[in-house]
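>>> Take a look and give me a structure for this.
(2 chains)
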Amino acid sequence: MAAAAEHRLDPVAALKEAGLAGFVALMLAVPLAGLETVSAPGGLTINTRWDWVAIAVGSVFIGRLLLILWRERGRRRGGPTMDLGIAETLRTAMPILAAAGIAFAVLLPFLPFADRRVLDIGILVMTYIMLGWGLNIVVGLAGLLDLGYVAFYAVGAYSYALLAIHFDLSFWLCLPLAGALAAFFGYLLGFPVLRLRGDYLAIVTLGFGEIIRIILINWYDLTRGPDGISGIPRPSFFGLDFARSPPPDGHTFHTFFGLDFSPLHRIIFLYYLILVLALVTNAFTLRIRRLPVGRAWEALREDEIACRSLGINPRNTKLTAFTLGAMFAGFAGSFFATRQGFISPESFTFIESAIIVAIVVLGGMGSQIGVVVATLVLIAGPELIRELQEFRMLAFGGLMVMIMVWRPRGLLAFRDPTVRLHPPPRRRFGLGRGKAAETGAK
Amino acid sequence: MNPRSEPLGGAPLLQVEHLTMRFGGLVAIGDVSFEATDRKITAIIGPNGAGKTTVFNCLTGFYKPTEGRLTLNHPHKGPFLLERMEGFTIPQKADVARTFQNVRLFPAMSVLENLIIAQHNVLMRASGYTLWGLLGLKRFRQAEAGSVDLCRYWLDRVGLLDRADDDAGNLAYGDQRRLEIARAMCIRPVLLCLDEPAAGLNPRESAELNQLLLAIRDEHKIGILLIEHDMSVVMGISDYIVVLDYGRKIAEGVPEAIRNDPTVIKAYLGEAEEDELPPEVAADLARERASQAEG
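Next comes the predicted model:
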């Protein structure tokens, strides 16, 4: 009884709290939404929009009140039982979800709504999924916070562009070379950061990312600096180009298969290319997680000192994580170069690294399917809500805050053991939980 | 699981000679020498801050000793000079395992995975440093099945077979302690160093631990080095005891001798006699008493 009284909603305190939030909103809304500069005949004038301010303050005030109510209700209901239920359901549904996701991704180009815009978004999303899966090796499994991941993406992209232009090598030859070069850079970065952890590691990797970008800008002879590299060869379908007119003594893709020319062919080909690359990354990660080196990465994330006491070489373990993670960024980079046909240091700024890290963290560290969901939210989300115009980024930020409030450890944060002694318990209708409670009580 | 042949030439398993560890001006261990014998339990005891854990950290490569020599006479691989080896190679090559005073498991990984990671080096070789493993060759799968069998054996020994697939972080404290010992045994050590294995255990768990350690000594034929505060454990199972105080060895011997040793009793219970105090403090104290008597 006493506990119930303690938790009863206090209307005065609630109003006070909501009023404070409204006041903060007012302070922010007056300059942000209330004042607008318009170009009038005599120069710039300021237009006031007090109705917008009123809407902003009102919605914050009411939203805060609702939040207080919801919080009280949650407290009375007690416990995170709902959340646990969702996690369990997701765990059982995971193989079905994954299969459905892959099937959808494979069929996407043939679905009726798949126009140029949808496919472009698809390619963008798949690229980030691949980058997220690659970074998941470093951040999710090995627990090494890498804020300079985009550097390896850049190395891959420039490797492909320079090799293809200067040595006239084909995409399929450049792909492994770009991956190897990026892996080499990952190895180089690995050495100085071996003794660092946490914040310090993050700072050094951040610096590394910037160093690569600044070298790309300044080494004009090689990289053409800020002008970028244009005219990067497009990939061909086993030697068949996607051009409109065939060369004098050969075929292009559409003449060889007897199709009408469509610019979509190349887009669809690029889409499948990145889909295959991403799925290879995923298969590799899922496999290596079950190998000794993958387990050592996770152990290193959990406790480095315990690892050393078990005879695990921390240096080699960290270096392999950096090297392999960088290799996949290199693959993704060369895909990026061939898709765009033009690259410049502009594409490899810190914000890209931040987005990839956000994908991994938001998805739930180490969760492969979490990366997919987070990419859909972070990359496809802002593309799909372009209608909101200037409020797009506001909505985007709000969404991220909500996810972190709702699921602080990431959207799909759980891991399955890489090896089991007993078959996984049937988690239907509380049966599994009952058994767990039984063993716990023993 | 890993029976061992007779030690060669009767040399002790571990020889610690003139071990000294200084941190700046602080002498954590000063000129300590002792030996640990194969198939025996050697305990290191002493009051808080006596330097027991520092000895362990020197032995297992977490600290580089300032002076001294640490020789491990491996029954199969010959002698190792531990003070010259890089930290992680001591468990890897010289087969010395340790546990920690504050349990250090991999909390987000399952109990079984914790034990499998201890066999990292064996499995790394079997997986051809990842290459054969990636290809899914039979050789690696067989090696992995073999290590799962070893894990199963140790899980059975410490009574955690039912919990094999649960997260190690969700185990009760006593279970975590036993799991850490099982994990150390999974590297197939010749010397097992336990840092306060009975800390935080209730009397029943502590008695079970005694049985487990005696069984490890007798069935697996390895040497155990033990740091412990719990005298029921120390006196109950140790074959030999080394006593440290303020970084110096003050006594060593069999449990009976240590129990009655006056220096040891003094170190543990303390003595309030004035001749033990430094002269200037004693003089101050005398002056204080005199002034009180006058007033």
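
>>> quick one: the strands in the chain?
Defaulting to chain A. With DSSP state E as the criterion, chain A has strands at A:35-40, A:43-48, A:229-230, A:342-343.

>>> To clarify, I was referring to chain B.
Under DSSP E, chain B gives strands at B:14-23, B:26-36, B:41-45, B:67-74, B:78-81, B:96-98, B:191-195, B:223-227, B:240-245, B:248-253.

>>> Ok, which of these comes nearest A:R289?
A:R289 lies closest, by CB to CB, to one member of the strands of chain B: strand B:96-98, at 25.5 Å. C-beta coordinates here come from the backbone N, C-alpha and C atoms, glycine included.

>>> Break chain A down into its domains, please.
Following automatic domain parsing, chain A resolves into domains at A:11-77, A:85-441.

>>> What count of nearby residues applies to residue 70?
Defaulting to chain A. Neighbours of A:W70 under the rule other CB atoms under 10 Å in any protein chain shown: 10.

>>> my question was about chain B
Residues near B:L70, counting by other CB under 10 Å: 24.

>>> The strands of chain B into TSV, with extra columns for mean pLDDT?
Putting those into TSV (pLDDT from 0 to 100) gives the following:
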stretch	mean pLDDT
strand B:14-23	91
strand B:26-36	89
strand B:41-45	91
strand B:67-74	89
strand B:78-81	88
strand B:96-98	92
strand B:191-195	92
strand B:223-227	91
strand B:240-245	90
strand B:248-253	89
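
>>> so which of those strands is the most packed in?
Of all the strands of chain B, strand B:96-98 has the most neighbours on average by mean count of other CB atoms under 10 Å in any protein chain shown, namely a mean of 27.

>>> who's in contact with the residue nearest to B:D218 when sequence neighbours are not counted?
Computed as CB to CB, 6 or more residues apart in numbering or on different chains, the closest residue to B:D218 that is not its neighbour in sequence is B:R39, at 7.7 Å. Residues counted as contacts of B:R39 (CB atoms under 8 Å, 6 or more residues apart in numbering or on different chains) are B:217-218, B:221-223.

>>> what's the closest of the domains of chain A to chain B?
domain A:85-441 (3.4 Å; CB to the nearest CB).

>>> and the closest one, is it in reach of chain B?
Yes - against chain B, domain A:85-441 shows contacts by CB under 8 Å from any CB of the partner chain at A:284, A:287-288, A:291-293, A:295-296, A:298-299, A:302-303, A:305-314, A:320, A:415, A:417-422, A:424, A:436, A:439.

>>> what about the residue most central in space within chain A, distance to A:I403?
Computing the C-alpha centroid of chain A and ranking residues by CA atoms, centre = their mean puts A:I359 first, at 2.9 Å. Distance, A:I359 to A:I403, by CB to CB, to the nearest Å: 12 Å.

>>> mind listing what's buried in stretch A:98-110?
Residues of stretch A:98-110 classed as buried: A:105, A:108-109 (neighbour count, 16 or more other CB atoms under 10 Å in any protein chain shown).

>>> Just put those in a markdown table and tack on pLDDT.
Formatted as a markdown table, those follow (pLDDT from 0 to 100):
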| residue | pLDDT |
| --- | --- |
| A:A105 | 85 |
| A:L108 | 83 |
| A:P109 | 82 |
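
>>> from the residues you listed, which ones fall inside helices?
A:A105 (DSSP state H).

>>> which of the buried residues of stretch A:98-110 lies closest to B:D162?
Among those, A:A105 lies closest to B:D162 (CB to CB), at 40.3 Å.

>>> Without its sequence neighbours, what residue ends up closest to that closest one?
Using CB to CB, 6+ apart, the closest residue to A:A105 is A:L275 (5.8 Å).

>>> wait, what's in contact with the one you found?
Applying CB under 8 Å, 6+ apart to A:L275 gives the contacts A:105-106, A:126.

>>> nearest to A:A154, of these?
Minimum distance to A:A154 across the contacts of A:L275 is 18.9 Å, recorded for A:M126 (CB to CB).

>>> My understanding was that that closest one contacts A:V280; is that so?
No - between A:M126 and A:V280 there is no contact under CB atoms under 8 Å: 12.0 Å.

>>> Comparing the two, which shows the higher neighbour count?
Remark: of A:M126 and A:V280, A:M126 carries more neighbours, 27 against 14, as counted by other CB under 10 Å.

>>> Low-confidence regions, the chain specifically.
No chain in the question, so chain A it is. A:1-9, A:74-88, A:90-91, A:244, A:247, A:388-389, A:424-442 (pLDDT under 70).

>>> ah, I was thinking of chain B
Scanning chain B for pLDDT under 70 picks out B:1-10, B:271-278, B:295.

>>> near chain A, anything from the lengthiest helix in chain B?
Ranked by number of residues, the top helix in chain B under DSSP H is helix B:138-157. Yes - counting by CB under 8 Å from any CB, chain A is contacted by helix B:138-157 at B:140, B:144, B:148, B:151-152, B:155.

>>> residues contacting the closest residue to A:G410 other than its chain neighbours?
Excluding the flanking residues, the one nearest A:G410 by CB to CB, 6+ apart is A:G364, at 2.8 Å. A:G364 makes contact with A:370, A:407, A:409-414, according to CB under 8 Å, 6+ apart.

>>> what does A:S170 give?
When contacts are counted by CB under 8 Å, 6+ apart, A:S170 is found next to A:164, A:236.

>>> do A:A278 as well
A:126-127, A:129-130, A:133.

>>> What subset of these is buried?
For those, buried by 16+ other CB under 10 Å: A:126-127, A:129-130, A:133.

>>> Among the residues you listed, which lie within helices?
Checking the buried ones among the contacts of A:A278 against DSSP H, those in helices are A:126-127, A:129-130, A:133.

>>> with those in mind, which one is nearest to A:V12?
Comparing those against A:V12 with CB to CB places A:I129 closest, at 49.5 Å.

>>> which bits of the stretch 101-250 of chain B sit near chain A?
By the rule CB under 8 Å from any CB, the part of the stretch 101-250 of chain B lying against chain A is B:104-110, B:112-113, B:116-118, B:120-121, B:123-124, B:127, B:129-130, B:133-134, B:136, B:140, B:144, B:148, B:151-152, B:155, B:161-166, B:183-184, B:187.

>>> List phi and psi for the residue nearest to B:D218.
phi 60, psi 30 (degrees, to the nearest 10).

>>> follow-up on the earlier one: could you provide the strands of chain A in JSON lines, with additional columns for mean neighbour count?
As requested, these are exported to JSON lines (neighbours: other CB atoms under 10 Å in any protein chain shown):
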{"stretch": "strand A:35-40", "mean neighbour count": "10"}
{"stretch": "strand A:43-48", "mean neighbour count": "9"}
{"stretch": "strand A:229-230", "mean neighbour count": "18"}
{"stretch": "strand A:342-343", "mean neighbour count": "18"}
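
>>> Now render these as TSV, adding distance to A:I137.
Compiled in TSV, the strands of chain A are given as follows (distance: least, CB to CB, whole Å):
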stretch	distance to A:I137
strand A:35-40	47
strand A:43-48	51
strand A:229-230	28
strand A:342-343	24
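
>>> Among the residues of the stretch 101-250 of chain B next to chain A, name the ones in helices.
Those of those mapping onto helices are B:112-113, B:116-117, B:120-121, B:123-124, B:133-134, B:140, B:144, B:148, B:151-152, B:155, B:183-184, per DSSP H.

>>> Would you mind checking those for buried ones?
Listed as buried from those are B:112-113, B:116-117, B:120-121, B:123-124, B:133, B:140, B:144, B:148, B:151, B:155, B:183-184; burial here means 16+ other CB under 10 Å.

>>> contacting residues around B:D245?
By CB under 8 Å, 6+ apart, B:D245 lies in contact with B:46-47, B:50, B:267.

>>> Could you list which residues are in contact with the residue nearest to the centre of chain A?
A:128, A:131-132, A:135, A:371, A:374-375, A:378-379.

>>> PyMOL command to pick out the buried ones of the residues you listed?
Buried residues among the contacts of A:I359 (16+ other CB under 10 Å), as a PyMOL selection:
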select buried, chain A and resi 128+131+132+135+371+374+375+378+379
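
>>> closest to A:Y160 among the contacts of A:I359?
Closest approach between the contacts of A:I359 and A:Y160, by CB to CB: A:L131, at 15.5 Å.
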